[in-house]
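Asks: Got a sequence here, can you build the structure:
(one chain, ligands or ions: 1)
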Amino acid sequence: MKIINHPLIAHQLTIMRDKNTNSSTFRLCLRCLSFFLAYEVTANLKTKKIKVHTPISMAIGEKNKTPIVLVPILRAGLGMVDGFKEAIPFARIGHIGMYREEKTQQPVQYYAKFPKQIKNGIVIILDPMLATGKTIARTIDLIKKYHPQKIKFCSVVSCREGIEYVSKCHPDVELYTAAIDKKLNKNKYIVPGLGDAGDRIFGTK
Ligand code: URA
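Replies: Residues are numbered from 1 along each chain as shown. Modelled structure (predicted):
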């Protein structure tokens, strides 16, 4: 797990944690913060050398080598897409929808749509909260069936329990977060966290 420390990320996250922050400010902070997360998450990507012609002469430049596919987990992951798209405008976007089955408490997929570049591409899964890790681990299970070259997962707030669960299920996946919080409460919310990310993004509470 890589913790992304940056004063601007810490600043935006603090505003997001505040229960008095309204939905539009929350969304804006998440978008800004996601831009900086994207910068760090993509820091080890490979480039290929190419020739370009400037108005003056030929120059050797670099281009991203492997297609990048962002996969937000519906619905809170959607809040991170704009920031990531600003940092990686050429990224393709897939979507995955998961809900928690009431009886078993297990995550169940209800929607999935991916671009064909997922095969052999670099997939960056987006979800602001890494809580129990079950939804994330299940999402990774599904994405692996499409044979991407690499999978990364990026959250804003996570907790040890979730990190351990996902790392155990998928040791090959790179995990990134802006903060590791204390614990989960009995309702599986992160403490102190920022509440229900989906509700806060979409103003549903
Ligand atoms: N999902 C959320 O939106 N918040 C949490 O604290 C945990 C899971």
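
Asks: which is the next helix or strand following the one helix or strand residue 79 maps to?
Replies: If you go by DSSP states H and E, residue 79 is part of helix 78-87. Counting by DSSP H and E, the next helix or strand C-terminal to helix 78-87 is strand 92-93.

Asks: follow-up on the earlier one: residues touching the helix holding residue 79, excluding its own?
Replies: With contacts defined as Cβ atoms under 8 Å, 6 or more residues apart in numbering, helix 78-87 is touched by 27, 30-39, 42, 70, 72, 91, 93, 124, 126-128, 154, 156, 197, 201. Every residue, glycine included, has its C-beta placed from N, CA and C.

Asks: Restricted to buried residues, select the residues you listed in ChimeraX.
Replies: With 16 or more other Cβ atoms under 10 Å as the criterion, this ChimeraX line picks the buried residues out of these:
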select :27,30,31,32,33,34,35,36,37,38,42,70,72,91,93,124,126,127,128,154,156,197,201
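
Asks: contacts with the ligand among the contacts of helix 78-87, please.
Replies: For the ligand, the contacts drawn from those by Cβ under 6 Å from any ligand atom are residue 197.

Asks: Among the contacts of helix 78-87, which lie within strands?
Replies: Using DSSP state E, 70, 72, 93, 124, 126, 154 are the members of those that sit in strands.

Asks: Now render those as a markdown table, adding pLDDT.
Replies: Conversion of the ones in strands among the contacts of helix 78-87 to a markdown table gives the following (pLDDT from 0 to 100):
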| residue | pLDDT |
| --- | --- |
| 70 | 98 |
| 72 | 98 |
| 93 | 98 |
| 124 | 98 |
| 126 | 98 |
| 154 | 98 |
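
Asks: which pair in those residues spans the largest distance?
Replies: Maximum pairwise distance in the ones in strands among the contacts of helix 78-87, criterion Cβ to Cβ, is 14.0 Å, between 93 and 154.

Asks: For this structure, which residues are neighbours of the ligand?
Replies: By Cβ under 6 Å from any ligand atom, the residues of the chain that approach the ligand are 76, 129, 131, 189-190, 193, 196-198.

Asks: Cheers, nothing more for now.
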